[in-house]
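# sequence plus predicted model, see below.
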Amino acid sequence: MAKKRGAASSRAKKSAKASKRTKAVKPSWKRRLIKLLLKLSVLGLVIGAAVLLYLDAQVRSKFEGKRWALPAKVYARPLELYPGQPLSRDDLKIELKGLGYQFQSRATQPGSAEWASSRVRVYTRGFDFPDSHEAAQRLLIDFSGNTISRIRDDKGAVLPLARLEPILIGGIYPKDNEDRDLIQLAEAPPHLIDALIAIEDRAYYSHYGVSPRGIARAMVANVKAGRFVQGGSTLTQQLIKNFYLTSERSLSRKLAEIPMAMLLDRHYSKDEILEAYLNEVYLGQEGLRAIHGFGLASQYFFAQPIQELKLHQVALLAAMVKGPSYYDPRRNPERATKRRNLVLSVLQDQGSITLAERLAAEKKPLGVVQQQTLHKGAYPAYLDLVKRQLREEYPEEALNSEGLRVFTALDPIAQVRAERSMVSTLNKLQQRYGKPVEELQGGMVVSNPHSGEVMAVVGGRKTRYQGFNRALDAQRPIGSLIKPALYLAALEDGYSLASVLEDEPITVDLPNGDQWQPKNYDRKSHGSVPLHRALALSYNQSAARLGMTIGTDKVIDMLQRLGLEREIRNYPSMLLGATAMSPVEVAQLYQTIAGNGFQVPMRAIRMVTDSQNEELSRYSFSIQQTVAAGPVHLIQYAMQEVVREGTARSVYSALPEDLNVAGKTGTTNEQRDSWFAGFAGDRLAVVWLGLDDNKPLPLTGSSGALKVWTEFMRQAKPQSFMAERPSSIQYHWVDDVSGLLSGEHCEGARQLPFIEGTAPQQSSGCGDAVVGNPIDWFKRWFRTE
Amino acid sequence: MKNMLKTGSALATAALLTGCISGNANLSPPVEDRSDGGRGPVVIDSDVTTGTAVTTPIATAQPFTVVTQEVAAPQPVSASNPAVVALLDSAKQQQQQGAYSSAQSSLERAQRIAPRDPNVYYQLADLRRDQGQYLQAEQLALKGLAVAGNQLAMKQKMWLLIADIRQEGGDIKGAKDARKRAY
């Protein structure tokens, strides 16, 4: 539709040009010429009227359209504050900075905070959540160490909980990448309108859309200066110009600007036009994203809502209108300061502000925040996940123009930690291994094991770069990460943690005539090993033997019950993780293990509402038990053994001893992939490291991905993992070598959980347990032997 | 109240165990099952052993030590946290007013704060029941049962809810079975 209009206008332009050329013909045949001119002028009138009508329609459709085209807003999770919450003051500061709070000696207005040694006062802005309105209020938050101990309101009443407003993390823009944050005229801070009119268009309220005097004044100024210094465009003309900013700026468009401005002025009130101007004017560029309007510019330059801006900030924004790039306060602070001060002096000249106000504002620094601290656009990998989910359900147009509100589970604090862990570990690995890991990349997913919510996504080493998203799209063989699924299938099939496996060479004939002969990492075979140790030390031969005994079908079935949504090929080497998966797919599998066999779909979006806060869709917490709690409890035990005694025991060089975590390392053939997947009580994280070109690395799962994972958990200080013991589980002392019953004080005894009926019946001969332990006696009393 | 729960818990779990095995819920076991004394598998053991892991002559570092530490590891947010209580209260009100979406939001907030509190799952399940989503309601109640550990009264409450859910969903036999397990 728009294209058609464009074509029509260019046709109109061509004919306009053609008529000019005819006028230039020499006056040899006077009469004919007069006739022709007459005809032409009639034609011109007709065309002119048509053009006017056309321009009129266009200006109106643009104006109305722009008023409503609003990109969807994507929010992070709101931070909940409640007594007992583990939250350090530094974490709270990260969050408040993300929200653009001003740290002051007294929190006197919404969006400010007061910092003291063990308490913090926060004046929240309030927010309209879909479920309830959170009022703006002053909170006095007491801390005890890294925990909130009490929250009180201004009257001293103790509050059970409060929610901060959520950080805006991004938008979903139309193809032209225009972003805006609509404001109403009444929301504009004092002096913004004054400043704009004073510096850009003094006759705004009296002209008809164009100002001949303004143009004349500009021309005089230009001639005086000997170069182009003033445009003489009215605000109305500038608005028209901004409507077409992204398309070509031809002469005809320039010519059309004047009648269009007059038409606009005729159709709409001065205030309506001004409001549109406030929301439309181009004020900056961040990569592909064009910053339109003062509402968005306020966030982009000051990380604050426009209502909270002070005089010096308002003056700077008004100053930038003339040349957003030339006066860019980040790149050209001197020029920007000079022009800001010019705006201030003009404001004082016309009596809008006093001299004292002007001088005070002039002394202020520009106050522009660093681009890196902005949250909008800072999480491309997470936003990628959100957009994929949205595009399955919403047409693109609804997403980029209807002002939808998208509430996600992104935890900016967890995200910052995940990014830092990834980047700092990769840098360290590079220092240590040099060239072979120069191009090392990674992907990481962090989730809440209870709710299935995705808290953070890292798509690669350049965390702000919107490129290949390895957390979602790097499909790589998962290696030994598959073993918990394999062993889980075996435990369901009647095996116990004490079952003795044979770690011996194995040869499997493949249908195509090849042979599969898996080796252990250390190239040795380890003979008889108990099942739990075979997993903890990640022996391949015993795992392959076990898998061939129970059958690959059972392992595939288990993977699907754990949450793998794809069909995977059934071949022997899948038993050792030849199957390729992305980190987010692996996270889903481990999520079910962490959730005691309850599968919880992983979710990035909590809810989508329309611009009026009406719910359009929500992604509720839902669960389904797909694996019995008993076998999962056993595998959780074995996965704790992995980190306590097995291939991942290095975690406790960095994590506190009393923090229970569980997980599994993964390394693939020739060390092309380094994996670790694991969880603590309230955090689950999956890390993959590798090269995009799939070349071998000098890294294993534990020397690579595990380091990132450990660093993340060290920073995150998660809750300890606490196994819930299902009623079908009993603990017994068994002899670690023979797998037979033993006693607490016997040599080589360890206590293992068993599903009822799978515990060994025979004793190893160290009689202590059988005689002296009433638990075992009690349990055998139940058993019908 | 807590003490009562505690003393009752051993009996309760034992009763449950016998229920599972013998199918006779009325049979009370002659011996207390100390293995059910705590939350995790570890707890039990630390109750029984006097010297904890140190006394055990195991060659390698042990996952068992993990277990004993589970006992000590504090749960940062307890079930009686005022925030959770407040959210559960408002969810109840919202549910009664038919504001299911807001109730769901409140419960999910509560779940994020106290993911191991069975009350949260009880209400989530009850909300789904109210909405006629019986399969999801039962799953949520089962999850609640799993996190209830040894809280006898809570388990009973949960089984009764499951019985109601099944009854309303048309599973009469399953409802009967659940009711049996409640008592």
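Thanks, I have the structure now. Predicted model, so just to flag it, every value in this text is computed and none were measured.

# may I have stretch A:434-448 as CSV, with CA atoms only?
The C-alpha trace of stretch A:434-448 is given here as CSV (Å, rounded to 0.1, in the frame of the first residue of the first chain):
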residue,chain,number,x,y,z
GLY,A,434,47.1,-19.3,24.0
LYS,A,435,46.5,-19.6,20.3
PRO,A,436,44.4,-22.8,20.1
VAL,A,437,41.7,-21.1,22.2
GLU,A,438,41.9,-17.6,20.7
GLU,A,439,38.6,-18.0,19.0
LEU,A,440,37.0,-19.9,21.8
GLN,A,441,33.3,-19.3,22.1
GLY,A,442,30.6,-20.3,24.5
GLY,A,443,26.9,-20.5,25.2
MET,A,444,25.2,-20.5,28.6
VAL,A,445,21.7,-20.8,30.0
VAL,A,446,20.7,-20.1,33.6
SER,A,447,17.4,-21.2,34.9
ASN,A,448,15.4,-21.5,38.1
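
# can it be said to contact chain B?
Yes. For stretch A:434-448, a contact with chain B is found by CB under 8 Å from any CB of the partner chain, at residue A:448. For every residue, glycine as well, the C-beta is placed using N, CA and C.

# list the buried ones in that stretch?
A:437, A:440, A:441, A:442, A:443, A:444, A:445, A:446, A:447, A:448 (16 or more other CB atoms under 10 Å in any protein chain shown).

# same deal with stretch A:660-674?
Quick answer for stretch A:660-674 (16+ other CB under 10 Å): A:660-668, A:671-674.

# then stretch A:206-214?
Buried residues in stretch A:206-214 (16+ other CB under 10 Å): A:207, A:209, A:210, A:211, A:214.

# same thing with stretch A:134-145?
Quick answer for stretch A:134-145 (16+ other CB under 10 Å): A:134, A:138, A:139, A:140, A:141, A:143.

# sitting in strands, which of the buried residues of stretch A:660-674 do you find?
A:662, A:663, A:664, A:665, A:666, A:667, A:673, A:674 (DSSP state E).

# which two of the residues you listed have the greatest separation?
Longest distance between any two of those is 20.9 Å, between A:662 and A:673; criterion CB to CB.

# what about the helices in chain B?
B:2-22, B:41-48, B:52-55, B:63-72, B:82-96, B:100-113, B:118-130, B:134-148, B:152-169, B:172-182 (DSSP state H).

# could you chop the chain up by domain?
With no chain named, the answer covers chain A. Annotated domains of chain A cover A:2-19+A:36-70, A:78-165, A:173-373, A:421-716, A:729-782 [automatic domain parsing].

# chain B, not that one
Using automatic domain parsing, the domain parsing of chain B gives B:2-72, B:82-182.

# lowest average pLDDT across the ones you listed?
Set side by side, the domains of chain B give their lowest mean pLDDT on domain B:2-72, at a mean of 34.

# pLDDT weak spots in the stretch 1-150 of chain A?
Scanning the stretch 1-150 of chain A for pLDDT under 70 picks out A:1-27, A:65-68.

# in it, what residue lies closest to chain B?
residue A:82 (3.4 Å; CB to the nearest CB).

# what about stretch A:301-309, how long is it end to end?
Start and end residues of stretch A:301-309 are separated by 11 Å (CA to CA, to the nearest Å).

# show me the contacts for the closest residue to residue A:390 other than its chain neighbours.
Spatially, and ignoring its direct neighbours in sequence, residue A:390 is nearest to residue A:399 (6.0 Å; CB to CB, 6 or more residues apart in numbering or on different chains). Shown in contact with residue A:399 (CB atoms under 8 Å, 6 or more residues apart in numbering or on different chains): A:71, A:72, A:172, A:387, A:390, A:391.

# can you pull the contacts of the fourth one?
What that stands for is residue A:387. A:172, A:399.

# can we see that at 10 Å?
Residues in contact with residue A:387, defined by CB atoms under 10 Å, 6 or more residues apart in numbering or on different chains, are A:72, A:74, A:170, A:172, A:380, A:399, A:406, A:604.

# ditto for the last one
Residues in contact with residue A:391 (CB under 10 Å, 6+ apart) are A:172, A:399.

# cool, the fifth one as well?
Remark: with contacts taken as CB under 10 Å, 6+ apart, residue A:390 is in contact with A:72, A:74, A:172, A:383, A:396, A:398-399, A:404, A:406, A:604-605, A:608, A:617.
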